[in-house]
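A.B. asks: Below are the sequence and a predicted model; questions follow.
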Amino acid sequence: MSDAPIHKKVLILGSGPSGYTAAIYAARANLEPTVIAGAEPGGQLMTTTDVENYPGYPSGIGGPEMMAELQAQAERFGTTVVYDEAVEADLSKRPFTVKVSAGQVYTADAIILSTGATARYLGLPNEQRLRNKGVTACATCDGAFYAGEDVAVIGGGDTAMEEAQFLTRMCRSVHVIHRRDEFRASKIMQDRTLENEKITVHWNRTVKDVLGDDAVKALVLEDTQSGETEELPVTGMFLAIGHVPNSGFLNGQIETDETGYVKVKPGTTQTSVEGVFAAGDLADKIYRQAITAAGTGCMAAIDAERWLAEQG
């Protein structure tokens, strides 16, 4: 590691679909981008076994394989990938400064933020062991794998209601597990859930354990009032208790919403700091799909290229 800062025209923080797509476009524009891969190189798709809804893969593709192909494509055009994590940033003046965990400091004329968001999990050992073996945090991504089966959705907000409704299209039954005796979701979403014959709501229940050797077979539910436990036979558990945007390292230098998602100017990827752009799940709490992340990565690279050209 050198002591002197390393300067880059474009620095891309994050290596999911948005980061690598931004890198492909920036590299082809001769901006010689460097990608700081982050704590989880490849992003959330690295924990996804099968991706069947990304255009161009008619037979589906494994998440890690897809990310390896995206990385190879970005590197083919001259992208440099650094396996480290951004831990500090100074966006108060240009060139911008970013420090990684190993201590190296980078400066950049433009920055593309694509550090993503991390799904909230319950923190159960078996939950992590069975991730992508019945435990998932994305019904839109994985619902089709549970066609005709019994599944559970954990949560009580609009996202949980939406995921439960979505899953009723292909699953035999959907169990909504909520730790309180009323939902916090909007009234219309509550009504749709409660009126759906395929949905059973388990009030005042928390998940204490996930059962299964190689795949989810049942959940252990605990009654929050009596403390009694029961087993609920399901083959899928869908977490819908929110995501945490990976924006903490910015220390409030970029405008975000109340939950930490980076705000961008409508129709662009421009953040509140000129020359800093945001793409992917870091700025998107609605769609959170690989294809939408890639699309905003493309936008960010084009926005950065045009902005740099204007700077002369």
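C.D. replies: Perfect, thanks for sending it.

A.B. asks: C-alpha from now on. contacts and neighbour counts both.
C.D. replies: Will do.

A.B. asks: Mind picking out the helix or strand in this protein with the poorest mean pLDDT?
C.D. replies: One helix or strand of the chain scores below all others by mean pLDDT, DSSP states H and E: helix 139-142, with a mean of 88.

A.B. asks: Just the residues contacting the helix or strand following that one, thanks.
C.D. replies: On the C-terminal side of helix 139-142, the nearest following helix or strand under DSSP states H and E is strand 150-154. Residues outside strand 150-154 that contact it (C-alpha atoms under 8 Å, 6 or more residues apart in numbering) are 160, 163-164, 171-178, 233-241.

A.B. asks: Now which of those residues would you call buried?
C.D. replies: Applying 16 or more other C-alpha atoms under 10 Å to these, the neighbour count classes 160, 163-164, 171, 173-178, 234-241 as buried.

A.B. asks: Just the ones of the contacts of strand 150-154 in helices?
C.D. replies: Judged by DSSP state H, helices contain the following of the contacts of strand 150-154: 160, 163-164.

A.B. asks: so which of those residues comes closest to Thr47?
C.D. replies: Nearest to Thr47, judged by C-alpha to C-alpha, of those is Glu163 at 19.6 Å.

A.B. asks: who touches that closest one in this structure?
C.D. replies: Applying C-alpha under 8 Å, 6+ apart to Glu163 gives the contacts 139-140, 153, 240.

A.B. asks: Drop anything exposed from these.
C.D. replies: 139, 153, 240.

A.B. asks: got the contact list for Asp50?
C.D. replies: By C-alpha under 8 Å, 6+ apart, the residues touching Asp50 are 60-63.

A.B. asks: can I get those residues in JSON lines with neighbour count?
C.D. replies: Below are the contacts of Asp50 laid out as JSON lines (neighbours: other C-alpha atoms under 10 Å):
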{"residue": "Gly60", "neighbour count": "15"}
{"residue": "Ile61", "neighbour count": "18"}
{"residue": "Gly62", "neighbour count": "16"}
{"residue": "Gly63", "neighbour count": "19"}
